[in-house]
Structure formats: C-alpha cells, structure tokens
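*Asks:* no sequence on this one, just coordinates:
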C-alpha cells in the first residue's frame, strides 16, 4: 500500500500529486450485476434498518442518498432513523435488537469490536481483493482508529481533526492580523489571551481563547487532553493501559492552566458547544472542519468573518493533533443478504466526498477528493488537511466512557480547583486502572 507520509507543509499540493480521483464502484448498475472482485448483490427483497446520530442537515443528505440507492436497487428498502444517541445503540446491541447499519463513534467502536458486534468490512464491496486495497483509498493513518489486527470495521461518515478558528473582526479591533498574528504555539495563545480579553468592571465581556468544560461525560476535556499529551510527545492509553501519568501528561496539564480565562463565563452548552465563538464572545476556538457552517447558522454575521489555521502546538517541529470520527458499521447479527446490501449502501454513500463537503462540510478522508473543485476552491483547506495529516486517534480502550469521565475530573481539579497536577495525574491513572478491572 502506498503511503504519502505525514505531511506538514504544502499539504494540498503534495497530497494532490499523490492522489487520484476515484470513481464510485457500481454507480448506476442494476442490483444483480457482478461488480469488481465478484461482488454480487442479492436480487430478493432486502430490508435494512439504519440508525444515525446526526442532526437535520446531515439527515437530509442521508435521506437523499438512501432514496437514490433505493431507486437504483428496487428490491431494497431502508428504514432510516436519525438523532439516535449512543446509549440507545449500546443498549440495542446488548439486547440483540440493533439495526443492520448504525453509526458508532471511534471512541465506542473498540468495545463493539471486542464484543464481535460489528462485521469487518469486506474488501470486495469496494472492488478490492484485500483490506490493504481499501485502506489505500484513504489518506494515510486516518482509519487507524477503526482497524483492529488487519481488519477494518467501519468507514467514516465524518472525520475530523481540530484546527484553530479565529474571529477576524476581534483580532483586527485589537490591532492584530488574523493571518500574520495567528498563534503557532500555546504560549502564543496565552499571550493573545491577555490582549483579546476584555472586561466591563469585574465582568468579562470578551475572551481570547478558552477550552470547553461542558457535557457531563467529559467529551471536550478528554479531547483537549489527548491532543496536548500527543503534542508533548506522550500517549494517553497504550495496550489498553493508562500511560498519561507522565512528563507529557504533566506538560499537557500545566499548559492547560496557562490558558484558563474564566470557564464559568460561557454560553456554550453540550448541544451547542461553539456558541461562544459564534456569538463573538471568544476570539478563538478549536474545532473540526464542519464547524464553520454551524457557526454561520447560529450567527449569519460570522460568514466571511473567520480564519482557520493549524492547531497551535507544544513542539512546532513535531506537530500533532487529534483525529476523531463517526462511522458507518454493520451489525454482525444481520443476515448474509443484509450484510451485502448494507456494505454496498455504505460504499455508495461514502463514495461522494464532494457532495458531503459542499453540502455540510464533512470530510471522510478519501484520497481523490482533494483534486475536486469543492476542495480546491474551499478556504482554509490547507489547515484542515494539515491537522488531519498529523492527527492521531483517541486512546483505544473498551472503557473509553470511563476514561473521558476520569480525565474530565482530573482536568477540572487542576484548572478549576488548583490541585497539584502531579497528584491529579497519579490519582486519575489509578482510578482508570480500578475502573478497567
């Protein structure tokens, strides 16, 4: 399998040279046609149930794609349900009532793999003779989180790496250029916080940058702690065991403390985590490529009023970011015919990266999309692709829900209650070891 390597500069140009545009296999073919690699779909009636966790804009696109697929394959009927929470999926898997296709985050996927609840991707559905052929259709390393051994268990409908969003107006009002003065390190962010934070009396009315402390499950603290630890040269989980009680973990926490402004001053909620940036309270935030459209929906005045640059680093010469994904999976308990049609449908939906990007700014990590007009004409694409190219997945454990909750408690103790970082790291590590037992 050809790999283009981990790229830092000139990502679009270099990757575009490496990559070629792919043509979706099977588009327009009748249901019984033999495709590349001998992939033959059943001709008898097949009904699938699909659960997705997305919002209205994503659901509209999925419904459109499903309708197109059903028109191409009149013997197939797909019952689609949206806004399905991960707890409902987990409960259905445990009860043996999960649908044939369901969305799973990379954080939850590991436990489903271990439980043999999800079916490995069949290479023939992608017109490939082996799994290396499927992996070669994607950018290097972006599917690391959804592989185990030498099997691939899912493909992403949404693949993200955090980048830094900057409010142009707030930067210029402070005498800063959003491009030339964009922070490259977290020390730079700390310095900019002093310039961009404003008060009226004792009340903070504007902040430069703030990490997020919302969601009871600790989602955002865990994400930020992961990428800071990676940037410091460490790991969070290795071989299923906690390794974040380290010099890298210590540097991550001490850096985090330097960036705290006023966490209690926020409009963010778990369902609207980018509210502070959208309403122009925070001048900077970290977010994935899809967030621009979310911010503009919240506040249309933000259209054209932000710049996106690569995520600030602890060691600029050795950049790192976090890749996280939401993925299509197939239930291992589905019938043979349902599995075949399910994977064919997933291939059909995932083979339209230009549509996913232009409609809702979702990236799926397939190689050829960078040469498409939607990618070439998109502002900030070099920042998004840079952070994907240096990204690493979340710590892999069947106890990820415990891990992120424990990390959140640790972070809150250090940054909000001024607990000693070393003792907080040791306590959190011990707590995870007990939880995993």
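*Replies:* Everything's here; your move. Every value quoted in this text rests on a predicted model; they were computed, and no experiment measured them. Numbering: from 1, shown residues only.

*Asks:* let me see the domain layout of this structure.
*Replies:* 11-161+323-393, 163-321+395-436 (automatic domain parsing).

*Asks:* can I get these in TSV with mean pLDDT and mean neighbour count?
*Replies:* In this view, the C-beta of every residue, glycine as well, is placed from N, C-alpha and C. As requested, those are exported to TSV (pLDDT from 0 to 100; neighbours: other Cβ atoms under 10 Å):
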stretch	mean pLDDT	mean neighbour count
domain 11-161+323-393	86	19
domain 163-321+395-436	96	18
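
*Asks:* give me the distance between the closest residue to residue 45 other than its chain neighbours and residue 390.
*Replies:* Among residues not flanking residue 45 along the chain, residue 75 sits closest, at 5.2 Å (Cβ to Cβ, 6 or more residues apart in numbering). Using Cβ to Cβ, to the nearest Å, residue 75 is found at 45 Å from residue 390.

*Asks:* try residue 77
*Replies:* 43 Å.

*Asks:* state the helix or strand in which residue 347 lies.
*Replies:* Per DSSP states H and E: residue 347 is located in helix 336-350.

*Asks:* for residue 358, same thing?
*Replies:* In this structure, residue 358 sits in helix 353-360 according to DSSP H and E.

*Asks:* check residue 49 too.
*Replies:* strand 46-51.

*Asks:* output the contacting helices and strands for that strand.
*Replies:* With contacts taken as 3 or more Cβ pairs under 8 Å, 6 or more residues apart in numbering; DSSP states H and E, strand 46-51 sits against strand 76-81, strand 101-105, helix 336-350.

*Asks:* looking at those, which is closest to residue 275?
*Replies:* Evaluated with Cβ to Cβ, the helices and strands packed on strand 46-51 place strand 101-105 nearest to residue 275, the distance being 21.9 Å.

*Asks:* just the angle for that closest one relative to helix 336-350, thanks.
*Replies:* 60 degrees (axes from the mean of the first three to the mean of the last three Cα atoms, to 10 degrees).

*Asks:* strand 101-105 pairs with which strands?
*Replies:* Pairing partners of strand 101-105, with direction, according to DSSP bridges: strand 46-51 (parallel), strand 321-330 (antiparallel).

*Asks:* between the very next helix or strand once past that strand and strand 101-105, how big is the angle?
*Replies:* As assigned by DSSP H and E, the chain's next helix or strand after strand 101-105 is helix 106-114. Orientation of helix 106-114 against strand 101-105 (the same axes, to 10 degrees) gives an angle of 120 degrees.

*Asks:* who's in contact with helix 106-114?
*Replies:* The contact list for helix 106-114 (Cβ atoms under 8 Å, 6 or more residues apart in numbering) reads 86, 89-90, 93, 104, 118, 145-146, 148, 153-154, 324-327, 329, 393-394, 396-401, 404.
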